[in-house]
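> the following block contains a protein sequence and its predicted model.
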Amino acid sequence: MGKNLLIWTTCLCGSGQLQSGRAVTVGVCLTMKIRRPAGLPVATEPCLKRKLSVGAVMDSPVTRLPGSSSGLEAASAALSVVTELTLRKDVQLSDYTRFGIGGPADLFAETSSPAAFAQATGLCRRQTLPVYVLGDGSNVIVSDEGFRGLILRFIAKSLTREGDRIVADSGAPLESLVEFAVDAGLRGLETLARIPGSVGAAVFGNAGAYGHSISERVEQVEYFDGENIRTLDNAGCRFEYRGSVFKRHRDWLIFRTRFVLEPAGRDALRKKADEITAIRDEKFPPTMRCAGSIFKNLHVKDLPFEVAARVPEGVIRDGKVASAYFLEKVGAKGMRKGGIEIASYHANLIYNTGNGTAAQLREIIDELKNRIRERYGFEVEEEVQYVGEF
């Protein structure tokens, strides 16, 4: 197998999966052979540029099929000698997701070292062991059966100020980045206050709120393309609404991001961030077992003409309509299946009351998608990703 040919999809929000030696479908995540595209714009500024050659690891031959106890033991033994990597077995994934849902992972590893991350993925490929890269679990639904393979987390959390710029490791919570910027008197991220998830996940999905997206402040992203650590400038990231080049190339893993901000008064920034935090806490209490909004908002221009014509102007903001508007019309509020419930005050908020399962959660999501399709003739798309078999 050539070193440029991967069978790999990954991201820090837990929306990708590595499957070595075979192609599979897991939830909505497709795993397929991917070649790294040539010609993408690459930034080479010294702040984030750092080369790491792992060609020998990624080019190792496939020698073992996944699923057997001998395969797991071999992979576990190989991973146990990787420096700066913490490895455990049979870890309950419900402890690592906002929904509090998910069965056990055969193997579970964490590292804050890019080199250890690269070495671990290479070893798993050599052992043909499935790998899923998980962030803080804020936007994932893990199967009740768990994950057969390795769950790998990149947990570096450093935040560094460089004048009017901040360099953030992908494992840092987005909320910590917002607080860091506000305390430093740097404007540009305060509208992202209280959005759950890691910095890497926020960049991956171009998180945003109140008319602003994180992409507005991204200057440079350092990422792992399966062979080397590379950098992209803002244009190279190809940001779009709730998307980026990383969402289209899930074999690229974000390690760190540099943001460019503007000096501003701390008091004004704190007031703004606190106001947004209060609004979000009322809508999505921090103790609630949920992922925030389940479905993406909709661009009016993408709706069927007859549907768009009936949408009141008052519910359109920045050319988009909240999915909750249509979900409420199909009776979403208050729906319940087992331990999974939709809030009575917000049609796009689904949460675990305490004893919900992934199967129940997927069932209620599919029911809502069917109702929208049958009544309006278009599809609503989840923001969440699925991990494991459904």
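Looks like it arrived, so ask away.
> tell me where the stretch 101-250 of the chain has helices.
Secondary structure of the stretch 101-250 of the chain (DSSP state H, counting those that start in this stretch): helices at 114-126, 174-183, 199-204, 234-237, 245-248.
> by contact count, what packs against the third one?
This points to helix 199-204. With contacts taken as 3 or more Cβ pairs under 8 Å, 6 or more residues apart in numbering; DSSP states H and E, helix 199-204 sits against helix 174-183, helix 245-248, strand 253-260. Quick note: C-beta positions are derived from backbone N, CA and C, even for glycine.
> dump the ones you listed to CSV, plus mean neighbour count.
Listed next are the helices and strands packed on helix 199-204 as CSV, based on neighbours: other Cβ atoms under 10 Å:
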stretch, mean neighbour count
helix 174-183, 20
helix 245-248, 20
strand 253-260, 24
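> which of the ones you listed comes out lowest on mean pLDDT?
Among these, helix 245-248 carries the lowest mean pLDDT, a mean of 91.
> re the thing from before, out of the helices and strands packed on helix 199-204, nearest to T231?
Ranking the helices and strands packed on helix 199-204 by proximity to T231 (Cβ to Cβ) places strand 253-260 first, at 9.1 Å.
> can I get the CA coordinates of the closest one in CSV?
What follows is strand 253-260, C-alpha atoms only, in CSV (Å, rounded to 0.1, in the frame of the first residue of the first chain):
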residue,chain,number,x,y,z
LEU,A,253,-6.6,16.2,12.2
ILE,A,254,-6.3,19.7,13.6
PHE,A,255,-3.5,20.1,16.2
ARG,A,256,-3.6,23.8,16.8
THR,A,257,-4.9,27.1,15.5
ARG,A,258,-3.7,30.7,15.5
PHE,A,259,-6.4,33.4,15.9
VAL,A,260,-6.0,37.1,15.1
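> contacts for it next, please.
Residues from elsewhere that reach strand 253-260 (Cβ atoms under 8 Å, 6 or more residues apart in numbering): 10-12, 47-48, 114, 117, 133, 154, 156, 158, 162, 164-170, 177, 181, 188-189, 199-200, 203-204, 217-224, 229, 246.
> by mean pLDDT, flag the weakest helix or strand of the protein.
Lowest by mean pLDDT, DSSP states H and E among the helices and strands of the chain is helix 55-58, with a mean of 26.
> now the following helix or strand past that one against helix 114-126, angle please.
Using DSSP states H and E, the helix or strand that follows helix 55-58 in sequence is helix 69-79. Calculated by axes from the mean of the first three to the mean of the last three Cα atoms, to 10 degrees, helix 69-79 forms an angle of 160 degrees with helix 114-126.
> what's the next secondary structure element after helix 69-79?
strand 86-92.
> save the helices of the stretch 101-250 of the chain as a markdown table, and put in distance to E381 too.
Below are the helices of the stretch 101-250 of the chain laid out as a markdown table (distance: least, Cβ to Cβ, whole Å):
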| stretch | distance to E381 |
| --- | --- |
| helix 114-126 | 28 |
| helix 174-183 | 21 |
| helix 199-204 | 16 |
| helix 234-237 | 21 |
| helix 245-248 | 12 |
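> which one of the ones you listed lies closest to S138?
Nearest of those to S138, taken as Cβ to Cβ: helix 199-204 at 6.8 Å.
> residues making contact with the closest one?
11-15, 135-136, 138-139, 154, 168-174, 177, 192, 195, 207, 214-215, 218, 221, 237, 244, 246-247, 253-255, 257.
> can you go through the residues you listed and name the buried ones?
Neighbour counting over those (16 or more other Cβ atoms under 10 Å) leaves 11-15, 135-136, 138-139, 154, 168-174, 177, 192, 195, 207, 214-215, 218, 221, 237, 244, 246-247, 253-255, 257 as the buried ones.
> to F99, which of the helices of the stretch 101-250 of the chain lies closest?
Taking Cβ to Cβ, helix 199-204 is the member of the helices of the stretch 101-250 of the chain nearest to F99, at 15.0 Å.
> chain center to that closest one: distance?
6 Å (Cα atoms, centre = their mean, to the nearest Å).
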